[in-house]
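Novice: Got a predicted model here, sequence first, then my questions.
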Amino acid sequence: MTNVMEGLYRLDKNDQPIDGVAEQYEVSKDGKTCTFHIRDNAKWSTGDLVSVKDFEYSLKKSIDPEHGSEYAYIMCDFKNAEAINLKKIPSDQLGVKAIDDKTLQVQLESPVPYILNLVTFPTFYPQNEKFIEEQGEKYALEANKGTYNGPFSLSKWKHDVSFKLTKNVQFWDKSTVKLKELYYNIVKDIHAAVNLYETGK
């Protein structure tokens, strides 16, 4: 996922959080409100600007039990997350709010000193609501039915066989991306995978 998507923050080679889509943040004195400011040049592979609305949409969708997100529990520190996941209140009451196009406010149940590490996890990645609605049920079913805000985009996908990633020319930090393409073979049989590894293939 980190090849094609980017969250508010990302991890460097030493697993330390560094700026991603967000370039600045503040924490309130009581530690229960975090405010993230996203950069002006963060874009989707479609050319659309990444908005904090994309984060708000994604987070409220992920915590909604109707979607059955496997990692919804990782949001338990967010205000009202547990009650939403238990179907006691609707997902629109999650403590996440787009103050404007570039400012995201996150309210927490209690201080989370590792918040920057937390938001690097894929559950906190944005989703392009406009694109998703346009694609409908076909969203993400083919290479050209998805949109990406990370260093690479999915350009070819042969289901159950292989896929190809191509450098995302819309990525805000593309100058640091040295590779132009990545190729992956999908090998489901563990013995075949070991054999390919041992033979250098």
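Specialist: Happy to help now that I have it. Residues are numbered from 1 along each chain as shown.
Novice: Would you mind writing the CA trace of the longest helix seen in the chain as CSV?
Specialist: When the chain is parsed with DSSP state H, its longest helix is helix 52-63. C-alpha atoms of helix 52-63 as CSV (Å, rounded to 0.1, in the frame of the first residue of the first chain):
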residue,chain,number,x,y,z
VAL,A,52,-8.8,16.9,4.1
LYS,A,53,-12.3,16.0,3.0
ASP,A,54,-10.7,12.9,1.5
PHE,A,55,-9.4,12.0,4.9
GLU,A,56,-12.6,12.7,6.7
TYR,A,57,-14.6,10.6,4.2
SER,A,58,-12.1,7.7,4.5
LEU,A,59,-11.9,7.6,8.3
LYS,A,60,-15.7,7.8,8.8
LYS,A,61,-16.1,5.1,6.2
SER,A,62,-13.5,2.9,7.8
ILE,A,63,-15.0,3.1,11.3
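Novice: Tell me the first helix or strand C-terminal of it.
Specialist: Scanning forward in sequence from helix 52-63 by DSSP states H and E, the next helix or strand is helix 81-85.
Novice: which ones are touching the residue most central in space within the chain?
Specialist: Centre of the chain computed as the mean C-alpha position; nearest residue by C-alpha atoms, centre = their mean is residue 125, 1.8 Å away. When contacts are counted by C-beta atoms under 8 Å, 6 or more residues apart in numbering, residue 125 touches 1, 5-7, 58. All C-beta spots, glycine's among them, are computed from the backbone N, C-alpha and C.
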